[in-house]
Structure formats: C-alpha cells, structure tokens
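*Asks:* Sequence and predicted structure below; questions after.
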Amino acid sequence: MSSDHLRRSDMSKNSKANKGMPAPDDRQALLTELRRCKMARSPHAYVRGNTERFYEWVMEANGDSLPRGPAVWICGDCHTGNLGPIANAKGKVEIQIRDLDQTVIGNPVHDVVRLGLSLATAARGSSLSGLNVVRMIEALAAGYESAFADEVIDIRRPEPVHVTMKEAVHRSWQHLARERIEDLHPTIPLGKRFWPLAGDERKAIEALFADEDIASLPTSLKGRKDSGEIVVLDAAYWVKGCSSLGRLRYAVLLDVDGGVVEGDDLCLMDIKEGVKAAAPRYDDVAMPRDNALRVLEGARNLSPFLGERMRAARLLDRGVVIRELLPQDMKLEIEQLGKDDAMHVAHYLAGVVGKAHARQMDDATKREWRAELGRNRSKTIDAPLWLWNSIVQLVSSHEAGYLEHCRRYATDA
C-alpha cells in the first residue's frame, strides 16, 4: 500500500472546501454543541442521545424493583434506532441490533425497559392515546417472551420494518455512496459531515490498514478476492451519531484490488472509538477490559451478522472498532407510529431483542427466564407490572429532562 495516497488526496482537495473547516483541536466544543442541538429536536431524540439518564434511573430510582435476569450480553442502549437490517459477509440480511457501544454482560431487563421507553416516547410523539401505549407495552412483553418459548415462531415483519428491509435488500454501493459521502467519486468530500484529519491521524490510519488482520476485513466479503490489494484512497473525521459525538470517529475509503472501480472494489470503513459503557455490568462475570474488545465480543453474541464483520484494534493509543459499512446496513427510522402499526412494531422488535438474548441461554435457563417474565401480572394490563411502572416513571422523567434540556439550550443560544 502506498503511504502517499492520503497525502495526494488531501492535496487534491479544493482549498476552498477546507476553508472554515474546524481544526482537530477545535472539534470537541463543536461536537458537544451539535449533540445538544440534536437532543433538543424531540423527546425521542433526547431519549436516544441520553443513555446516562436512563441508567441513573436504573441505579438510583427503581433498579431494585426490576427482576435480576440471567447473565447475558445485552445491547445496553436498546432504542429503536439501534435496530435495523444488517448484512453478513455472504450477503444475507436480517433485522438485528446494529449498535453495541454500550454492550455489557448484564441484566437483559435493561434492554426490554429501554426499548419500551423508546417505543412509548415515539408513540407519544405520534399523538397516540395512552390506551394505545398500554396495548403496545403488552405487545412488547408478549414479543419478548415469545423468543424463549420451546418452539420459536417467526413473526411477520410489520409494515414500517418491512419497508426498510425491502429497501435494504435492493441497495447498492451507489446508494451507500450518495447517502454517506454524497459522491460516487473515490474521495470523501469535506463539509458538514466530514472534517479534515491531523497529520498523526492520517499516519495512524495508514498504519492500521497495513496490518494483515485489519486488511483482511474488506476482502472477506462474498465476491471479493482474498488476496486483493488494500489501498487507502481517502479518510476524514466523521461527524456521526448523537450519544457518540465527541469520541474518535473516522470514515475511510478503501480500494480493494488497486484498480478503482465503482461498486464492490470500493468500500467505506467505519472506525469508532470504544469508550466505557454507562450500562451496569454484573460483578461476578468476566468481560474484556479493553472497550473495543468488549464491543466486538458483545456484537458476536448479540448480532452475529455484524460481529463477523468487525475487528478491534488500537489507534492513537485508544481502542477502536472497525467495520465496513454495507449498503444493506440501515437503521429503523421509527419517529412516527400509526395506531395500527404500534402494537405490531413493539411485538416484532421485542422479539428481535429476545432472540439476541435467548441464543446465549441453554434450554433450562430460557424456561426459567420465561416463567419469571410471566409473573407479576395484574388484571389491568397483560404485562409485568415492573415493566409498566418502569416505563411510566421513565417517560415522565425523560419528558421533564427534555424540557429542561431545551430551556438550557435556548438560554445558552
């Protein structure tokens, strides 16, 4: 691989495009402000971007009332945007958990409650009635419990999920390029979403893809040569996500065989820093101490399609996770819920999370956990009372937190 590729790319970019771009030392303040802005857009955006507030509630307010589930890898940040179509190395696509930054070996109940909070917030933002929310939480409980039955039945995808899945299956590199980098040419255009790199960042990225283990990641996909030459065409700091804004995040454009051809020869790599999880772990279990290795191990257990396409490494003395972004990788955009879809979506997504937990349990553990989930029902709601009470408290807490966040943001602005 030529170490001059990134330098030539940087020199070839229009100097006007770099004008006004933040220097690496100025990123943090801008990213913090952007995160605050994103979280002010809606209560649902606030819930997605504030994992810490959720776990403050778990630890301080209501954690003792939740059942202690089996020790399994959990998502840790299980909201609707962190679920979606994921492709494996052979091109098969399934709905799985797609973001594992917060993954730990912990209480599976935390994923169930956080998903319920996300769905309830989306329902309220869609002006659905409280009765609709009650029925949705009942469907959530039923969908999650169904994953632990002796015979698991595939659940038909609800229309909002089916539409996203259908789009994902038919997407190509051209779709990905226009969506992510706004261009089909083999460069990453600097602007609002991509910022220039510092010299040490460029050198570190070049060195990273010179490693055989990392270089084998883009060549492992179906239809690519295992022996293909890996060339770094371009790289940039990536302004992406919400809760992850402020950590190391890079987009890297690679050519797999040394001859730049649109499509399978080009690939877009995502490098993301692994940081300490806010989600509480069980004390009596062993987990990787390195945060990038923790994320990788969680992905392999919870989302096999994603886990097989990831590597953990060190970059600038920090643990990072590397994966190729495939056209089929999409998040579910469930900002609005119709009353006819709400229950079906809740049941289906809870089943996806339940299956991710269940594949880590033996039959006896699954039976015991399902029996525990079936307890503590009342005559007024067909769901565990701890689940309903938790979501009521969390919706109230996060709504107040959101309004206070907006007040502070407006004052500062």
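*Replies:* That came through fine. The structure displayed is predicted, hence computed values, not measured ones.
*Asks:* okay, CA-based contacts and neighbour counts for the rest of this
*Replies:* OK.
*Asks:* Spatially central residue for the protein, please.
*Replies:* residue 99 (2.2 Å; C-alpha atoms, centre = their mean).
*Asks:* Could you find the closest non-adjacent residue to that residue?
*Replies:* In space, and not counting its chain neighbours, residue 99 is closest to residue 82: 5.4 Å by C-alpha to C-alpha, 6 or more residues apart in numbering.
*Asks:* tell me the secondary structure for residue 47?
*Replies:* Per DSSP: H, G, I helix; E, B strand; the rest coil, the secondary structure class of residue 47 is helix.
*Asks:* do residue 237 as well
*Replies:* Following three-state DSSP, residue 237 is assigned to strand.
*Asks:* Run through the bridge partners of it.
*Replies:* residue 195, residue 250 (DSSP bridges).
*Asks:* Isn't residue 113 up against residue 390?
*Replies:* Yes - contact criterion C-alpha atoms under 8 Å: residue 113 and residue 390 qualify, at 7.0 Å.
*Asks:* The two: which has the busier surroundings?
*Replies:* Per other C-alpha atoms under 10 Å, whichever of residue 113 and residue 390 has more neighbours is residue 113, with 26 against 21.
*Asks:* Restrict the one helix or strand residue 118 maps to to CA atoms and write it as CSV.
*Replies:* Per DSSP states H and E, residue 118 falls inside helix 109-125. What follows is helix 109-125, C-alpha atoms only, in CSV (Å, rounded to 0.1, in the frame of the first residue of the first chain):
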residue,chain,number,x,y,z
VAL,A,109,-34.3,-6.5,31.6
HIS,A,110,-32.5,-3.2,30.9
ASP,A,111,-32.8,-3.8,27.2
VAL,A,112,-36.5,-4.6,27.5
VAL,A,113,-37.2,-1.4,29.6
ARG,A,114,-35.1,0.8,27.4
LEU,A,115,-36.8,-0.4,24.2
GLY,A,116,-40.2,0.1,25.9
LEU,A,117,-39.2,3.7,26.8
SER,A,118,-38.1,4.4,23.2
LEU,A,119,-41.4,3.0,21.8
ALA,A,120,-43.6,4.8,24.3
THR,A,121,-41.8,8.1,23.5
ALA,A,122,-42.3,7.6,19.8
ALA,A,123,-46.0,6.8,20.5
ARG,A,124,-46.5,9.9,22.5
GLY,A,125,-44.7,11.9,19.8
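*Asks:* which strands and helices sit next to that helix?
*Replies:* Helices and strands touching helix 109-125, by 3 or more C-alpha pairs under 8 Å, 6 or more residues apart in numbering; DSSP states H and E, are helix 43-49, helix 130-146, helix 339-358, helix 385-412.
*Asks:* Not counting it itself, show me its contacts.
*Replies:* Under the criterion C-alpha atoms under 8 Å, 6 or more residues apart in numbering, residues 43-44, 47-48, 54, 66-69, 74-80, 132-133, 136-137, 140, 144, 334-337, 342, 346, 350, 353, 387, 390-391, 394-395 lie in contact with helix 109-125.
*Asks:* Perfect, I'm done here.
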